[in-house]
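[1] Quick one, structure for this:
(chains A, B, C and D)
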There are 2 protein chains.
Amino acid sequence: MADPIKVVLVDDHSMIRIGLKAYFDTLEDIQVVGEASSGEEAVSVVTKTHPDVILMDLVMNGMDGVEATLQVKKVCPNVKVIILTSFHEDLHIFPAIKAGAISYILKDVDPDDLACAVRAAYAGEAVINPRVAARLVRKMQGNGEESPNPFSELTDRELDVLRLVAQGMSNQEIADSLVLSEKTVKTHMTNILSKLHLKDRTQAAAYAWQQGIVRRDQG
Amino acid sequence: MADPIKVVLVDDHSMIRIGLKAYFDTLEDIQVVGEASSGEEAVSVVTKTHPDVILMDLVMNGMDGVEATLQVKKVCPNVKVIILTSFHEDLHIFPAIKAGAISYILKDVDPDDLACAVRAAYAGEAVINPRVAARLVRKMQGNGEESPNPFSELTDRELDVLRLVAQGMSNQEIADSLVLSEKTVKTHMTNILSKLHLKDRTQAAAYAWQQGIVRRDQG
DNA sequence: AAAAAGATCAGACCTGAGTCTGAGGTAGTT
DNA sequence: AACTACCTCAGACTCAGGTCTGATCTTTTT
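    Numbering: from 1, shown residues only, chains lettered A, B, ... in the order given. Predicted structure coming up:
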């Protein structure tokens, strides 16, 4: 038998890591050679272990999966990165793919499929969840120069407004804060909601938090 | 060697289940006899397998861990339920404990500690994360004053509503979701805003995200 | 120079959100 | 039995939020 595929696991939940490791240990052709609980740690672990494939959680404290992918590709350009995510949204796919990830897999995938994805990645093939793939294709078709994330549709000013909405501010408070009339803020709000396909400011706030425009440690 | 401890895993992420199963398979004294991906499924699996211990995810689609705990305790009163959660908040502890869970464990625990918790649960002992335990004790000690976190003032129902608000739902949508009248939801909202000293639902949503009641990986 | 995109603002309009008052039912406590 | 806390619901009311239409000004692109 040839050498096993060397894999590094990156996830800030040790339970996920140990679980995946235990699972891969039952396979002969895949060997976990390192683990990391953060993007920062991932870079040093990858530097030391030179894996073939990296399984990377998208959402982590500190450096996220996209940034971490960029970093590890710098020190190890040939490594294949598979992004794991619990999001069904396609919001993060494009930045991840752009950062050099070869596959993008939902966490509720069947583990055997995950093993297949690892083997495919090793062989240089992409594995994208069918649901995700469909969106990817749709996105690629329509507009060649599409928006990697939904907020890129927003203008700078609209982003200013959205951040303040996510803080719970009223239109008048936002107007005062940005030195505008309330009417203008309302106009921006209408545009924001329209562009993001949302119904009201509360959804906008939730969306901003979900997508990480604002963070807990940002106040 | 005595019979192994029979465990059922309940989590809507198959990856977590398979991971835990693979891990427990490496242990001789713990045997996974069943898995479920929802609270509903858990009830029937438990009915069939009569496990000693259930590892139950707190956050699931449909029936949540607390409700599922209540249900499985009905059909199998002696089973020990260990609640798994990614929350550091103590918001859910009390309902969970009240529902009959013996332990309450954070998902980032070391897997060996999890095995210990399973053995402890089997022996009828509780294992509570130290950080969580500290709060529990404080709570139990008649905490004449002080609210360690601002949500402790909220009732369970108000928390239900707040979580949905944080998802961007309207009052009517929340009413439909919880099977209530819109009037009742409005009443809860008024109480929530009053208790948390907030002005409107958008502030409530922002607050919930800031305080970590809801998380990005919760959907 | 013309076109396109963005930022600013206004008036008119409708609706959901939130408050206030009041009330019935349940469960646990004293 | 009385009390308290919670959940439930309703009517009436006010107002911020959001839409629609339409406008002026600036900057950038073509």
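[2] who are the neighbours in contact with residue A:200?
    By C-beta atoms under 8 Å, 6 or more residues apart in numbering or on different chains, the contact list for residue A:200 reads A:193, B:168, B:170. Quick note: C-beta positions are derived from backbone N, CA and C, even for glycine.
[3] Nearest to DNA strand C among the residues you listed?
    Proximity of those to DNA strand C (C-beta to the nearest atom of the strand) peaks at residue B:170, which lies at 3.1 Å.
[4] quick one, strands of chain A?
    A:5-10, A:30-36, A:53-57, A:80-85, A:101-106 (DSSP state E).
[5] Can you check what angle separates the first one from strand A:30-36?
    Inter-element angle recorded for strand A:5-10 and strand A:30-36: 30 degrees (by axes from the mean of the first three to the mean of the last three C-alpha atoms, to 10 degrees).
[6] Repeat that for the fourth one.
    When the same axes, to 10 degrees is applied, the directions of strand A:80-85 and strand A:30-36 differ by 70 degrees.
[7] one step back: I'd like to know which of the strands of chain A is closest to residue B:177.
    Of all these, strand A:101-106 sits nearest to residue B:177, with 24.1 Å by C-beta to C-beta.
[8] for that closest one, packing partners?
    helix A:65-75, strand A:80-85, helix A:93-99, helix A:111-122, helix A:130-142 (3 or more C-beta pairs under 8 Å, 6 or more residues apart in numbering or on different chains; DSSP states H and E).
[9] winner for burial among the strands of chain A?
    Greatest average neighbour count among the strands of chain A goes to strand A:53-57 (a mean of 27), per mean count of other C-beta atoms under 10 Å in any protein chain shown.
[10] Return the distance of that one from the chain's centre.
    Its chain's C-alpha centre and that of strand A:53-57 lie 12 Å apart, by C-alpha atoms, centre = their mean, to the nearest Å.
[11] which helices and strands does that strand pack with?
    With contacts defined as 3+ C-beta pairs under 8 Å, 6+ apart, the packing partners of strand A:53-57 are strand A:5-10, helix A:39-49, helix A:65-75, strand A:80-85, helix A:111-122.
[12] so residue A:30 touches residue A:118, yeah?
    Yes: contact criterion C-beta atoms under 8 Å: residue A:30 and residue A:118 qualify, at 5.7 Å.
[13] which residues are common contacts for those two?
    Here residue A:30 and residue A:118 share the contacting residues A:5, A:7, scored by C-beta under 8 Å, 6+ apart.
[14] can you put the strands of chain A in a markdown table and add mean pLDDT and distance to residue A:201?
    Formatted as a markdown table, the strands of chain A follow (pLDDT from 0 to 100; distance: least, C-beta to C-beta, whole Å):
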| stretch | mean pLDDT | distance to residue A:201 |
| --- | --- | --- |
| strand A:5-10 | 94 | 36 |
| strand A:30-36 | 93 | 39 |
| strand A:53-57 | 91 | 31 |
| strand A:80-85 | 84 | 27 |
| strand A:101-106 | 75 | 30 |
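[15] Could you point out which of those strands sits nearest residue A:176?
    strand A:80-85 (38.5 Å).
[16] tell me the angle of that closest one relative to helix A:65-75?
    Between strand A:80-85 and helix A:65-75, the angle comes out at 170 degrees (the same axes, to 10 degrees).
[17] which residues are contacting strand A:80-85?
    Under C-beta under 8 Å, 6+ apart, the answer for strand A:80-85 is A:11, A:52-59, A:65-66, A:69, A:72-73, A:92, A:96, A:99-107, A:117-118, A:121-122, A:124, A:127.
[18] which stretches of chain A have low pLDDT?
    Within chain A, the stretches with pLDDT under 70 are A:1, A:59-64, A:86-99, A:108, A:126-153, A:214-219.
[19] Break chain A down into its domains, please.
    In the domain annotation for chain A, the residue ranges read A:5-142, A:150-218 (automatic domain parsing).
[20] Take those domains and write them to a markdown table, including distance to residue B:48.
    What follows is those, written out as a markdown table (distance: least, C-beta to C-beta, whole Å):
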| stretch | distance to residue B:48 |
| --- | --- |
| domain A:5-142 | 22 |
| domain A:150-218 | 38 |
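[21] closest one to residue B:7 among those domains?
    Closest approach to residue B:7 among the domains of chain A is made by domain A:5-142 (14.1 Å; C-beta to C-beta).
[22] need the residues of chain A near DNA strand C, please.
    A:155-158, A:175, A:178, A:180-181, A:183-184, A:186-188, A:200 (C-beta under 7 Å from any atom of the strand).
[23] Residue A:186: what's it in contact with?
    Residue A:186 touches residue A:171, counting by C-beta under 8 Å, 6+ apart.
[24] That one and DNA strand D: what is the separation?
    Noted for residue A:186: a distance of 4 Å to DNA strand D, by C-beta to the nearest atom of the strand, to the nearest Å.
[25] Might you name the residue of chain A sitting closest to chain B?
    The nearest approach of chain A to chain B comes at residue A:19, 1.8 Å away (C-beta to the nearest C-beta).
[26] Wait, that residue touches residue B:24, no?
    No: between residue A:19 and residue B:24 there is no contact under C-beta under 8 Å: 9.9 Å.
[27] roughly how far is the longest helix seen in chain A from the heart of the chain?
    Secondary structure of chain A per DSSP state H: the longest helix is helix A:182-196. Here the centre of helix A:182-196 is set off from its chain's centre by 27 Å, with C-alpha atoms, centre = their mean.
[28] now do stretch A:160-179
    27 Å.
[29] So is that stretch next to DNA strand D?
    Yes: for stretch A:160-179, a contact with DNA strand D is found by C-beta under 7 Å from any atom of the strand, at A:170-172.
[30] got the CA coordinates for that stretch in PDB?
    What follows is stretch A:160-179, C-alpha atoms only, in PDB (Å, rounded to 0.1, in the frame of the first residue of the first chain):
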ATOM      1  CA  ASP A 160     -21.800  52.500   7.900                       C
ATOM      2  CA  VAL A 161     -25.500  52.500   8.400                       C
ATOM      3  CA  LEU A 162     -25.800  48.700   8.700                       C
ATOM      4  CA  ARG A 163     -23.100  48.600  11.400                       C
ATOM      5  CA  LEU A 164     -25.000  51.100  13.500                       C
ATOM      6  CA  VAL A 165     -28.300  49.300  12.900                       C
ATOM      7  CA  ALA A 166     -26.600  46.200  14.200                       C
ATOM      8  CA  GLN A 167     -25.800  48.200  17.400                       C
ATOM      9  CA  GLY A 168     -29.500  48.700  17.800                       C
ATOM     10  CA  MET A 169     -29.600  52.400  16.800                       C
ATOM     11  CA  SER A 170     -32.800  54.100  15.500                       C
ATOM     12  CA  ASN A 171     -32.800  56.000  12.300                       C
ATOM     13  CA  GLN A 172     -32.600  59.300  14.100                       C
ATOM     14  CA  GLU A 173     -29.700  58.100  16.200                       C
ATOM     15  CA  ILE A 174     -27.900  56.900  13.100                       C
ATOM     16  CA  ALA A 175     -28.600  60.300  11.400                       C
ATOM     17  CA  ASP A 176     -27.200  62.100  14.400                       C
ATOM     18  CA  SER A 177     -24.200  59.800  14.500                       C
ATOM     19  CA  LEU A 178     -23.400  60.200  10.900                       C
ATOM     20  CA  VAL A 179     -24.500  63.800  10.600                       C
END
